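Enquirer: coordinates only, no sequence provided:
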């Protein structure tokens, strides 16, 4: 009789401990995956966005569209002017765009100047490839685009050439 009470008490104690651990994990504040973006130390391309240089941390608490690209990537080159036009169109709505290039700073600066890219560009290099993977680009291909809400949560990701009309709809749906 005494042994069965000890066993039952032990089982109940283990169950309550398990529930406690489960619910504490459930309610624990998790920093969004985007923290890897906001805290990264990618160098801005000064020739982009009319010479403006911005720290990535300044994009916290904003709707943000992040496009990973390269000058040698044909679909990237095709969509960059469209993204630039979309950024100009949505600027009044306080939606920010940035490009993270998996390329050399000189190539990126020349591209930004030639195509009049209206949003800040950052030199990603190998760090940019890793960042892209951490934000959901498991295949590692380019272009790769991410929409983050004001809380820094990933709302939508795109692999490959963008359908700008769909991206516009998706961005405007972010709260």
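Expert: Sure, I can see it. The model shown is predicted, which means the values in this text are computed figures rather than measured ones. Residues are numbered from 1 along each chain as shown.
Enquirer: in a helix, that's where residue 155 is, yeah?
Expert: No - per DSSP: H, G, I helix; E, B strand; the rest coil, residue 155 lies outside any helix segment and is strand.
Enquirer: neighbours of it, how many?
Expert: If you count neighbours by other CB atoms under 10 Å, residue 155 ends up with 17. Every residue, glycine included, has its C-beta placed from N, CA and C.
Enquirer: check residue 76 too.
Expert: Neighbour tally, residue 76, other CB under 10 Å: 26.
Enquirer: domains in this structure, by residue range?
Expert: 1-29, 35-172 (automatic domain parsing).
Enquirer: could you tell me the least trusted of the ones you listed?
Expert: Sorting the domains of the chain by mean pLDDT places domain 1-29 lowest, at a mean of 47.
Enquirer: deepest-packed of the domains of the chain, please.
Expert: Mean neighbours per residue, mean count of other CB atoms under 10 Å, is largest over the domains of the chain for domain 35-172, with a mean of 18.
Enquirer: find the residue at the geometric middle of this protein.
Expert: Among the residues of the chain, the one closest to the centroid is residue 146, at 4.9 Å (CA atoms, centre = their mean).
Enquirer: got the phi/psi numbers for that residue?
Expert: In terms of degrees, to the nearest 10, the main-chain angles of residue 146 are phi -130, psi 140.
Enquirer: does it have beta-bridge partners, and which?
Expert: Residue 146 has the following beta-bridge partners by DSSP bridges: residue 66, residue 157.
Enquirer: now residue 43
Expert: Taking DSSP bridges as the rule, residue 43 bridges to residue 123.
Enquirer: heads up, I number from 32, so please use that
Expert: Sure, I'll start counting at 32 from here, so that last one is residue 74.
Enquirer: test my guess that it contacts residue 153.
Expert: Yes - using CB atoms under 8 Å, residue 74 is in contact with residue 153, at 6.6 Å.
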